[in-house]
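1. 3D model of this:
(2 chains)
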Number of protein chains: 2
Amino acid sequence: MTEQISIGLMGLGVVGTGVATAIRERSHALAQRIGAPVRIDRVLVRDGRSERPGLSGDLSLTTDPDAILKNPNISLIIEVMGGEYPALHYISAAIAAGKHVVTANKEVMAKHGPELLSAAAKNGVMLRFEGSVGGGIPIIGPLLDDLAANDISAVNAIINGTTNYMLTKMATEGLDYSTVLKEAQALGYAESDPAADVDGVDAAFKLAILASLAFRTVVRDSDVFREGITHLGPSDFRYAKELGYVIKLLAIARRTESRVLARVHPAFLPISHPLAKVDGVYNAVEMEGDLVDWAMFQGPGAGARPTASAVLADVVAIGRAIVGDARVAPPPLLDETRAIETLDDLKTKYYIRLRAADRSGVMAQVTRVLGDLSVGLASVIQNPVGETGKAAEIVITTHLARERDVQQALQELSALDFVDEIGNLIRIEGRIE
Amino acid sequence: MTEQISIGLMGLGVVGTGVATAIRERSHALAQRIGAPVRIDRVLVRDGRSERPGLSGDLSLTTDPDAILKNPNISLIIEVMGGEYPALHYISAAIAAGKHVVTANKEVMAKHGPELLSAAAKNGVMLRFEGSVGGGIPIIGPLLDDLAANDISAVNAIINGTTNYMLTKMATEGLDYSTVLKEAQALGYAESDPAADVDGVDAAFKLAILASLAFRTVVRDSDVFREGITHLGPSDFRYAKELGYVIKLLAIARRTESRVLARVHPAFLPISHPLAKVDGVYNAVEMEGDLVDWAMFQGPGAGARPTASAVLADVVAIGRAIVGDARVAPPPLLDETRAIETLDDLKTKYYIRLRAADRSGVMAQVTRVLGDLSVGLASVIQNPVGETGKAAEIVITTHLARERDVQQALQELSALDFVDEIGNLIRIEGRIE
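-> Okay, here's the model as predicted:
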């Protein structure tokens, strides 16, 4: 019988404090769920002298990682420092030392997950990371356990709350990108350097993790095509609405028999699509499986307490296995070989906004360029811009077409003398009928 | 090492056929997920001679339950017959015989779940029932595992696809109840006797299961207050829209420190509420927890393949425990004592529609009756009906009020000579600000 599960907590920032607080708040309930009490034995902090209001009295702080990694009493590490280094070193060392690991580190898991999972399997320890995607929303557990019988063919997700908040604001209030960014920064939703969010870096980390697990193959963040939201203008939101769509920063991974395409970019989604209705800072992940058809998980995708919810779910799962004397469940296998597809091969529908001279024959030529590349038109809107007869904004939606053909068409169009500017290209997603 | 997991399948209707087909389709993947092959050893059918196209050649059918229940080779029963009897007897006998059980039977679990879970714990077997609520949507797994660290305070759900389809149709097309029912029956969404769906019986079964697990206490279907959708009229949908709401058949369970209130009834929900956006035959379950705040799970709530997805997730979980030589995880404990609250004590907001004489002083009297019972008015709409000056439809929404006071007010109002008819009373839900 396990008498107590001793935890080494690495990191005492916002999430670490949330985890420590949550464990203290509910020690009785956790002991009951697990079958043995859990206790934070030691906490790694960067600076041992800083004040942690309300916590410092209870916790034994250290600035020496070895006080945890080489501590034989500690059987479980919770890593919530964030960032690639030194977190990666500590997780590796913990696994090598035969300790179970719970981490909420999306960057480490996106870049080094496959190697860490192999190492964990080899060392007979568990490595769990529910908190690395979607905050407190159960996603990895449902994917690996509840949908275990399904052949998962696609993951479609809104997994960055900052950009979803900004896009919701731009859509509902007609504001432009920089105004909304300032507002998000003032509210603490966006960092002073917003690149990780607005360029899709954060979403690409999370998508790499989900795609790897869903398709049982290695997908790294560098395999994910990535395009941010900085080029979206108010007119794109107006046209989206006019055409029956909303604009979301989507993280999409799809597989065929032998290939995987993973991408993060703004997309038009039909207003009736479940993901189209996820507004504000919330996250949602939809999975397509051959038995279930689809299932979607939604909730707060960040924050100290939601992330603590996910971290503690992993602690409970590991604790139950320790207490139940279970042979440690092997970590998910990423043993299927699938090539990473480039965006060139994507087949989807497109929204194209361009500005051209407002004279007869222009639309005919635009249509011919697209038609020659097998890009079929689904709808066309033409609006005069500025002085009458001078210029027109042309907005086209296409039928299913190949990305490479559409890109070629845009090049050819921008070379035409009567085309002033290609305003934007946005992919149209949702189930392709 | 376990060589093979032999399954006894009880029931070969729509779901049973779906389960058998899914197991055959993916025998390799299941063996890989579990660590040992699974095989359907024997199938209980009502009539051994009936044709099961595409399946009969592979399956060993029997009409004798003891061929499964007393078969020492079979370690796991899948019960997908539906209905209270004889399913309850078979599940009990399987548990007593030391066999693990997977069931999708909401009626048995809602009525006898607590006793069956105790018996399973006593006999050291697992009893899992993900398929009993929400078809293929992961709900019970996330609740018990992924949200294990949370103190769950509420479950809010749309867990009957038939009625959600009907309410969506009534809202979007302005059709009346009986027209929509006929349409749902023609499409196979509603039974020829629709009572189990439209009276909320099916939803009450599922809510009893969810409330028991969420609050770790015994909630039976008979503890659930239940009101169906048959009394909803087109005008209710028009007023809902005008006031910024949609009408859903909600299954709501909330707990306080010592009490639980569980109820199924039509409700007004603000259009911005996540559940308000769940349309058509889909299901969604939202849970409120103290760490996660809320999480919502959505997808197809019925059907052979989605339900097979849930049933097989349970088979995988049990199979992994068998293969991993794990001490069998104890089933969820329902050991907290909470009294069942009656609807009288509910505090929510209300929509009241009534018809009264269209003359001065009427509104003043209506307001006085409500005010005397501490039912505060939030909004009033008054529309003339038929010949001018003869009658008016009065639609009231209230501030937070007690159910017993509102019911008393309705009695007093209906006794007034100028009140022709109380048209409807619908509770207004969503987070109460």
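2. hey, let's count contacts and neighbours off CA atoms from now on
-> Fine.
3. the closest residue to A:Ile74 other than its chain neighbours is in what secondary structure piece?
-> Closest residue to A:Ile74 in three dimensions, ignoring its sequence neighbours and counting by C-alpha to C-alpha, 6 or more residues apart in numbering or on different chains: A:Ser6, at 4.8 Å. If you go by DSSP states H and E, A:Ser6 is part of strand A:5-10.
4. what's the helix or strand just after that strand packed up against?
-> Following strand A:5-10 in sequence order, the next helix or strand is helix A:14-25 (DSSP H and E). Secondary-structure packing of helix A:14-25 (3 or more C-alpha pairs under 8 Å, 6 or more residues apart in numbering or on different chains; DSSP states H and E): helix A:304-323.
5. any stretches of chain A with poor pLDDT?
-> Within chain A, the stretches with pLDDT under 70 are A:1-2, A:48-57, A:325-330, A:431-433.
6. the domain parsing of it - what is it?
-> As recorded under automatic domain parsing, the domains making up chain A are A:5-136+A:304-323, A:144-298, A:346-428.
7. and of those, who's closest to B:Ile152?
-> domain A:5-136+A:304-323 (11.6 Å; C-alpha to C-alpha).
8. tell me if A:Ala302 really is in a helix.
-> No. Secondary structure of A:Ala302 (DSSP: H, G, I helix; E, B strand; the rest coil): coil, not part of a helix.
9. for it, which non-adjacent residue is closest in space?
-> Ranked by C-alpha to C-alpha, 6+ apart and with sequence neighbours excluded, the top spatial neighbour of A:Ala302 is A:Gly135, at 4.4 Å.
10. give me the contacts around the helix or strand containing A:Gly371.
-> Using DSSP H and E, A:Gly371 maps to helix A:362-372. Identification of contacts with helix A:362-372 by C-alpha atoms under 8 Å, 6 or more residues apart in numbering or on different chains yields A:Ala356, A:Gly376, A:Leu377, A:Val406, A:Ala409, A:Glu412, A:Leu413, A:Phe418.
11. now which of the residues you listed would you call buried?
-> With burial judged by 16 or more other C-alpha atoms under 10 Å in any protein chain shown, the buried subset of the contacts of helix A:362-372 is A:Ala356, A:Gly376, A:Leu377, A:Val406, A:Ala409, A:Leu413, A:Phe418.
12. which of those sits closest to chain B?
-> Chain B has its nearest neighbour among the buried ones among the contacts of helix A:362-372 in A:Leu377, at 30.2 Å by C-alpha to the nearest C-alpha.
13. bridging residues for that closest one?
-> Beta-bridge pairing of A:Leu377 under DSSP bridges involves A:Thr398.
14. isn't it right up against A:Leu400?
-> No. Shown here, A:Leu377 and A:Leu400 do not form a contact pair, counting by C-alpha atoms under 8 Å, at 9.3 Å.
15. point out the residues in the stretch 201-350 of chain A that sit beside chain B.
-> A:274, A:277-278, A:291-300, A:305-310, A:312-314, A:316-317, A:320-321, A:324-329 (C-alpha under 8 Å from any C-alpha of the partner chain).
16. now the stretch 51-200 of chain A
-> Residues of the stretch 51-200 of chain A found near chain B (C-alpha under 8 Å from any C-alpha) are A:Gly136, A:Ile137, A:Pro138, A:Gly141, A:Pro142, A:Asp145, A:Asp146, A:Leu147, A:Ala148, A:Ala149, A:Asn150.
17. number of nearby residues for the third one?
-> To tie it back to what came earlier, the one meant is A:Pro138. For A:Pro138, the count of nearby residues is 30 (other C-alpha atoms under 10 Å in any protein chain shown).
18. pretty sure it sits against B:Pro142.
-> Yes. Contact criterion C-alpha under 8 Å: A:Pro138 and B:Pro142 qualify, at 6.3 Å.
19. how far away is A:Val108 from A:Pro114?
-> As judged by C-alpha to C-alpha, to the nearest Å, A:Val108 and A:Pro114 stand 10 Å apart.
20. pull the CA atoms of the helix holding A:Gly371 into CSV?
-> Extracted in CSV, the C-alpha atoms of helix A:362-372 (Å, rounded to 0.1, in the frame of the first residue of the first chain):
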residue,chain,number,x,y,z
VAL,A,362,-11.7,43.3,-66.0
MET,A,363,-14.0,40.6,-64.5
ALA,A,364,-13.7,38.6,-67.7
GLN,A,365,-9.9,38.6,-67.5
VAL,A,366,-9.9,37.7,-63.8
THR,A,367,-12.2,34.9,-64.5
ARG,A,368,-10.1,33.6,-67.3
VAL,A,369,-6.9,33.6,-65.2
LEU,A,370,-8.7,31.6,-62.5
GLY,A,371,-10.4,29.3,-65.0
ASP,A,372,-7.2,28.5,-66.8
